[in-house]
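K.L.:
Need coordinates for the below:
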Amino acid sequence: MKKVTIVFWVTLVITVGLSILGAVLPDQFERISGNIMGFISAQFGWFYLVIVTLFVLFCLYLVFSPYGKIKLGKAGEKPEFSYPSWFAMLFSAGMGIGLVFYGVASPVSHYIKTPPAAEPGTREALEDSLRVTFFHYGIHAWAIYAVIALVLAYFMFRHEKPGLVSASLESLFGERMKGAWGKVVDVIAVFATIVGVATTLGFGATQINGGLAYLFELPISFWVQLIIILIVTVLFMISTYTGLSKGIRYLSNANMGLGGILLLATLILGPTLYILNSLTDTIGSYIQQLPSESFRLSPNDESERQWVLDWTVFFWAWWIAWSPFVGIFIARVSKGRTIREFLSGVLIVPTVVGFLWFSTFGISGIDAQNNGVDIAGLPEEQALFGLFDQLPFGMILSILAILLISTFFITSADSATFVLGMQTTNGSMSPPTTVKFTWGLAQSTIAAVLLYTGGLQALQNALISAALPFSFIMLLMIISFYKALKKDKEKNWS
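P.N.:
From the prediction side, this is the model:
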């Protein structure tokens, strides 16, 4: 543990302290953190919409500008990973469990329970359900990740800076980022990573438990979830020990393989033509309404405005809070690619795959709902298994889904231990195994404690609240990055 910095100890103390508070006083912690999150959403909803749209525009500008040919590395350097492995790793880290957890539940919920404007269960609600799901998981989400990843990769591989968020601000603030202010920036980034991954581990354990309960009538209980967390912890520790080029790469490729099988099987066994027609139609409405949807706050319609705050603003804050973890990891695996190549890959490929995924599973779930199966009445973690129960080979598909959730689970935890190791060892590209093990155990312990006390929601509220200060850090990162890019151009670097 000799290589760890003060960021390691400060963040560990803060996270453990908040987790203990959530365990001892779960109701009070949830109420206070919920009030803070509600205030931020109501008062800064407009800011989240503006800043995330700004990220999208900035990324598109770079793709078509002369800066796009600049390489994330030295001239002549080749990418470390092949295209398939690169796509698999960035996709597994960026969405992973979220797609499996909400693939059926989100579109069905927006159709039956929470449509943005239409009456529940109507044709308009059905059409909106898939479009708003595309919006929340589409190019805006990936632009948030892309901004962080691009800036960090540029400074890491082009200017040989340490892989720290604070290091990306040195072209603006100079040596001050090596002092106390830089440590504050890194603590915020590490805290967001720890809490985001601990929350995701909780979601993953809950869905695996839900699937086993649906299939085999096992009880839904903390003790089953604890056993799941223990098993997954052992597995991702093994993966962590093997390193980035083996463990995470192999797991990410396995994720894409399993996900592809489930996607193809559901597309064929489900209402295939209906899925393809809905996908095509929704892409058109998504593109058509993207500008207005990006700025929609509905100030004159209280119920619609509340929907935007509860969903769109929540998702933007959630992706921003997750961006230090996902962005740092994507940066680490993107060495040797040009800015244009990087942004095209990060923005387009995962977005298109996400659209196909939500169309296949969401429309299949809606079709089952319209044919008398109450998918909407199931807990969110069981919606996917409720759909498979209506398809041929449903048991096999459900078992594959549990395997996929488990591998996504392991990949997220493994990726997070790597990122946390980097951030708390002064940006080391090969953090010590002991440091990664420490963070792995800390994440699993926090997730287990919060599941036991019901404190996951409170910690999630804290994570979302942390997104506001980090969004300002992201703005400063863009300014610092653009300033360095202009210098690059002046020097005629290629």
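
K.L.:
Can you classify His159 by secondary structure?
P.N.:
Assigned with DSSP: H, G, I helix; E, B strand; the rest coil, His159 falls in the coil class.

K.L.:
ok, it touching Phe481?
P.N.:
No - using CB atoms under 8 Å as the test, His159 is too far from Phe481 to be in contact (10.6 Å). Glycine gets a C-beta too; all of them are placed from N, C-alpha and C.

K.L.:
So which residues of the chain form strands?
P.N.:
Under the criterion DSSP state E, the chain carries no strands.

K.L.:
least trustworthy helix or strand in it by mean pLDDT?
P.N.:
Least confident helix or strand of the chain, by mean pLDDT, DSSP states H and E, is helix 83-94 with a mean of 72.

K.L.:
List the contacts of Thr193.
P.N.:
Contact partners of Thr193, counting by CB atoms under 8 Å, 6 or more residues apart in numbering, are Pro324, Phe325, Ile328, Ala416, Val419, Leu420, Gln423.

K.L.:
and those residues, which of them are in helices?
P.N.:
Pro324, Phe325, Ile328, Ala416, Val419, Leu420, Gln423 (DSSP state H).

K.L.:
where does this protein dip in pLDDT?
P.N.:
Applying pLDDT under 70 to the chain picks out residues 1-2, 91-97, 239-249, 251-252, 454-460, 463, 490-494.

K.L.:
one more time with 50
P.N.:
Residue ranges of the chain with pLDDT under 50: 244-245, 493-494.

K.L.:
between His159 and Phe481, who's got more neighbours?
P.N.:
It is Phe481, of His159 and Phe481, that has more neighbours when counted by other CB atoms under 10 Å, with 23 against 14.

K.L.:
Quick check: the gap between that one and Cys59.
P.N.:
Phe481 sits 12 Å away from Cys59, taking CB to CB, to the nearest Å as the criterion.

K.L.:
tell me, what's touching those two both at once?
P.N.:
Here Phe481 and Cys59 share the contacting residues Leu150, scored by CB under 8 Å, 6+ apart.

K.L.:
What residues sit buried inside stretch 333-351?
P.N.:
333-343, 345-347, 349-351 (16 or more other CB atoms under 10 Å).

K.L.:
ugh, wrong one, stretch 215-225
P.N.:
Leu215, Phe222, Val224, Gln225.

K.L.:
swap in stretch 257-273?
P.N.:
Neighbour counts over stretch 257-273 (16+ other CB under 10 Å) mark Leu258, Gly259, Leu262, Leu263, Ala265, Thr266, Leu267, Leu269, Gly270, Pro271 as buried.

K.L.:
from those residues, which single one is nearest Ala118?
P.N.:
Distance to Ala118 across the buried residues of stretch 257-273 (CB to CB) is lowest for Pro271, with 21.7 Å.

K.L.:
Quick check: the closest one touching Ile363?
P.N.:
Yes - using CB under 8 Å, Pro271 makes contact with Ile363 at a distance of 6.7 Å.

K.L.:
So which of the buried residues of stretch 257-273 is the closest to Ser65?
P.N.:
Among those, Gly259 lies closest to Ser65 (CB to CB), at 33.7 Å.

K.L.:
Not counting its neighbours along the chain, what's nearest the closest one?
P.N.:
Excluding the flanking residues, the one nearest Gly259 by CB to CB, 6 or more residues apart in numbering is Leu404, at 5.9 Å.

K.L.:
Quick check: the gap between the one you found and Glu77.
P.N.:
Noted for Leu404: a distance of 34 Å to Glu77, by CB to CB.

K.L.:
swap in Phe315?
P.N.:
Counting by CB to CB, the separation of Phe315 from Glu77 is 35 Å.

K.L.:
now Phe472
P.N.:
33 Å.
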